[in-house]
Each structure stands twice: as C-alpha cells, then as structure tokens.
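Asker: how would this look folded up:
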Amino acid sequence: MTRVQLAQQHLQQGRADLAIPLLRQQLEQAPQDAMAWKLAGFAWHEEQYETEAVHAFSQAFVLQDSDASTLMALAQSRFLAGYSAVDQFYQLTTLTPDDLNAYRGLALALAADGEYSLAEQLLVQNLAAHPLWLDGHKLLSSMRFTSGDSSHFSDNYQQACAQQPTNLKLWLDWFRCHAQLKQWSHCERILALAEQHCGGQLQLTLARLFVAAESGDHAKAALLFTETTRVQDPVRAMALTRFQLRHGDVKAAEQSALPWLQTTSATVFWPYLCLIWRLLGDRRAKWLDTESMQVKAFDLQLSSNELNLLCAVIRSLHTAKAPFAEQSVRGGTQTDQHILLRHEKPLQQLKHKLKTAVKSYVEQLPAAVAAHPLLGRTRDRALQGRCRFSGSWSTLLKTQGFNVSHTHPSGWLSAALHLEIPAAEQLGRAPAGWLQFGAPPAELQLPLDPQLQHQPQAGTLVLFPSTLWHNTVPFESGERLTLAFDIEPQPFISGEPG
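Answerer: Numbering: from 1, shown residues only. This is a model prediction of the structure:
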C-alpha cells in the first residue's frame, strides 16, 4: 500500500491526524502530486486547520486547474478560513453552471465581503429559474431578515408557492420562517393556503398542532393531539411534552418524553426530562446534571492586549442588523460563520488555549456512566487535544439584551468566553448580565429557579454540558461581547441510541 493509499484509509477511518504526516512525506518527495495535495487539504480541514487546508487545496488546483471538485474544496475552504472566496466561487459557476451549490457559495462569499445587494440579486435570479431550490430560499430569507427586513423577508417563498402550489416542502419551509419568530397568525394563513393546494397532509396537521400548542389555543391543541395519537414523530412528542408541562401534567410529560431517549432525538428530550425530574423531586435530575453540574470556569490568562486584539477582530464580524430568527439572542446580534476556523492570528492563538481548557475540563470529569449524555461518551479526542468544534460564534448584546434559556442539541460540551462586560454601574443590580444555568424556558411558566449563576469576567471561559439549560440576564446599558462554541460529541461507549 502506498503512502497516499494509506493516508486515504486513515481519512476514511476518521484519523486525519495520522494521514497528515504521511502526506507530508509524500509531498516532500513528489511536490507535483495533485491527489496528495487534495487529500492533505481534506485532512487539514478535518483537523480544523483551515488555513493549512487552503494552502493544500490551492496547490492541488494549480496542478489540476480544470477540476471542479478541487475548486469547490478550495472555495469553501477559503470562505471558512475568512478569506475572500468570491473569485473562486465565480470561477466555479463557469465550470459547473448547473450546480446551484456553487451559486449558494458565491452568494455567501459576496455577503461576507459586504456585497449584500449583489448576493441578494444573485439568489433572486437563480430562484426565478429554480423556484424549488430550497437551500436558496432559506439563505435569501435569512439574509433579508438579518439585514433588518422583518416585513418582507419571506416574500420569495410566497412567490415560489404561487408558482409551485402543490410542493409541500416549499409551504413547510415558508411556515418555519414564521414559526421561528412565533408569528402565529402568519403561520395560520400559510397552513390554510397549503391545505387548499396540498390537501390534508400529516405534516400540515403536525404543523397546525405545533401552532395551537405553542400559541395557547388549548382546545384545538388537545383535539389535534387526540387525532394524532398513533403518530410517532419527534415534533409531535416535543409539542406534547411542552403542552403537558404548561398544564402542570408533569407525569404525563415524562411519559411522552422518555421513549425518545432510545432514539437519535434523545439530545432534544434530555433537557426537558431534567426539568420534569426536578419538578417531581426525582433523584434522576441530579444523576443527569451530576451533583456539581459540571459547570467550570477557566481563566485563559489573556493579556489586555490579547483581549483588545480579539475584540477588534470579533467586533468586525458583527455586520448583521438583527439576530438570526432561530437563535436565542434578543437585543443584539450573532455572527453567522464558524469563527474558530478563521485565519486571523488572534483567533488561531485563542483556539489553542480553548483546546487546552477543554482537555482540562474532560480530565476532571467523573467516571464514565453508560448512556449518560455527558459521561457516557468516549473522551479520547479531547484528551489528545484534538477536540472538534461543531460550531463557534459570537454574540454582541446591547442595552437590555439577553439570551433566552436554551440548550445545544448538536453539542457535547458548550462554552461561553466573556470578552467585554459593561462596568458594574452599567450592568445594574446583580444578577443583571450574568450567565444562568437551570432556568426553564420562560414561556413554560414552570416554578423552577436557576440552579447556578455565574458573574462574567472578561477573559474567563465557562464550560458546561450542552444539555444544560442556560440563559443570560438583561442588563441596563453598555455592550456584552461573548465568543461561544460547542464541542462535537464522540460516540457513546455503549452504542448510539436507536
């Protein structure tokens, strides 16, 4: 087996770290090996060293300048690393003019370069020709909303549904745009139109059920839950769990949520079961969150100069005028790309410190517990200093801004690094501006207080389980800048649920 073949095998087995030295050796001896450069790009990307991936893909494309897959990899890598990728995506649209992913990438790259009107125009043109392009619709509506258009951000869906009235997916995506914002009257109108054109589809019934349960139409929700008793669907189960909690039927909520722990939707239901067990006085609540809750703070020893450089880079990325509809930010903005993949030196230096803190956190975890969402997973990547960030972003909260209580179903560990905190006289009376753990979503109106409150300090990282409810408290004035991230879950020791 050649070095390149062995490297390829390591990549397929999820061990990009073992592929990299083999590919380095190969490229020292054969610097014109385009395949080795391309594999090196994928290996660096898998290990989340995006700047190195850009270099490798660039070398591969020099050697194969008509290969569309290499150009796509280069364009995406440049975009992720925070470099301009407009030229590469534009070139890709000429190489593969029928590939809508190339146009989506070009729109994102244009927006990242501040060319919002060109990005919007590009999406509008392509959607006119391809009204069923769901990814394009989602991107356009999101770009319009975060640019401050709260009235017409979903007009593209309305136009597409008029052109393709029997396409259920279009109607459902349009519905979700407004459901995320809890615009229930909009949702009702969209669903009524969808039913006229698509008939009584189960997905539309579940959407109506969701709206009724979340908007407070208790009689209608109860009727729809009865009609769909035989339906096994996580959306229905979650809506029912929340509905039962709102009505104080805690034992019934437990029975609705428990079966889903054996499925791939488990991470969505664990946080609700913790609330349920706390309400019932069930000791499993402490088993789930552990006695100490595993919330740990780390002083990253960032100098004032390091903090200033970090804040300058991160503030430059806050270009949106409104937060994303699906996120937890209220009264502020959130960045849209994976910050810790970017090329800027302050961010790269920070990433090393964060990996060290994650390793220290994992080293201090209690012994493994089978099927536990935090303690039941393998830990080798984190202990090797190779943890993968499944997402990283920044929030900038302004006067009276806050994060609603939420969890991170796609993460294993989550974190908040406080970068700028208003002065005490700006914050207001404690716990204004603090980070809280264990408070349930306010709309459920549950008689549960936060279990833990953390006073933020600039340069302090707080790590905690991704299943733990957390929120921030509104503050009187000033700005609160934070970098947050999730650590990608590793496999369960005892096998995956479901």
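Asker: make it CA atoms for all contacts and neighbour counts henceforth
Answerer: OK.
Asker: for the top helix by length along the chain, which positions count as buried?
Answerer: Counting residues, the longest helix in the chain under DSSP state H turns out to be helix 345-363. Across helix 345-363, burial judged by 16 or more other Cα atoms under 10 Å covers 346-348, 350-351, 354-359, 361-362.
Asker: next up, phi/psi of the residue nearest the centre of the chain, please.
Answerer: For the chain, residue 391 is the residue whose C-alpha lies nearest the centre (Cα atoms, centre = their mean; 5.8 Å). Dihedral angles of residue 391 (phi, psi; degrees, to the nearest 10) stand at phi -170, psi 150.
Asker: quick one, what contacts it?
Answerer: By Cα atoms under 8 Å, 6 or more residues apart in numbering, the contact list for residue 391 reads 338, 485, 486, 487.
Asker: in the sheet, who's paired with it?
Answerer: residue 486 (DSSP bridges).
Asker: and what of the one 4 residues further on?
Answerer: The residues listed as beta-bridge partners of residue 395 by DSSP bridges are residue 334, residue 482.
Asker: count the residues that sit near it.
Answerer: Per other Cα atoms under 10 Å, the neighbour tally for residue 395 reads 25.
Asker: which residues in the stretch 201-350 of the chain form helices?
Answerer: Assigned by DSSP state H, counting those that start in this stretch, the stretch 201-350 of the chain shows helices spanning 202-215, 218-227, 234-246, 250-257, 266-280, 284-289, 304-315, 345-363.
Asker: so for residue 411, which of those helices sits nearest?
Answerer: Distance to residue 411, taken as Cα to Cα, is lowest for helix 266-280 among the helices of the stretch 201-350 of the chain, at 8.8 Å.
Asker: hmm, back to that, so which of the helices of the stretch 201-350 of the chain is nearest residue 432?
Answerer: helix 304-315 (21.7 Å).
Asker: show me which positions of the closest one end up buried.
Answerer: 306, 307, 310, 311, 314.
Asker: stretch 157-168 too?
Answerer: Buried residues in stretch 157-168 (16+ other Cα under 10 Å): 157, 158, 160, 161, 165, 166, 167, 168.
Asker: which of these sits closest to residue 269?
Answerer: Nearest member of those to residue 269, counting by Cα to Cα, is residue 168, at 27.3 Å.
Asker: now that closest one, nearest residue through space, not along the chain?
Answerer: In space, and not counting its chain neighbours, residue 168 is closest to residue 198: 6.6 Å by Cα to Cα, 6 or more residues apart in numbering.
Asker: can you pull the pLDDT of the one you found?
Answerer: pLDDT for residue 198: 96.
Asker: now for it, how many residues are close by?
Answerer: The burial count assigned to residue 198 is 16, neighbours taken as other Cα under 10 Å.
Asker: pretty sure it is touching residue 170, no?
Answerer: No - with contact defined as Cα atoms under 8 Å, residue 198 does not count as touching residue 170 (11.1 Å).
Asker: residue with max distance from the center of the protein?
Answerer: residue 29 (40.9 Å).
Asker: about what we covered before: lowest-confidence stretch among the helices of the stretch 201-350 of the chain?
Answerer: Among the helices of the stretch 201-350 of the chain, helix 284-289 scores lowest, with a mean of 93.
Asker: off-centre distance for it?
Answerer: How far helix 284-289 lies from its chain's middle: 25 Å, per Cα atoms, centre = their mean, to the nearest Å.
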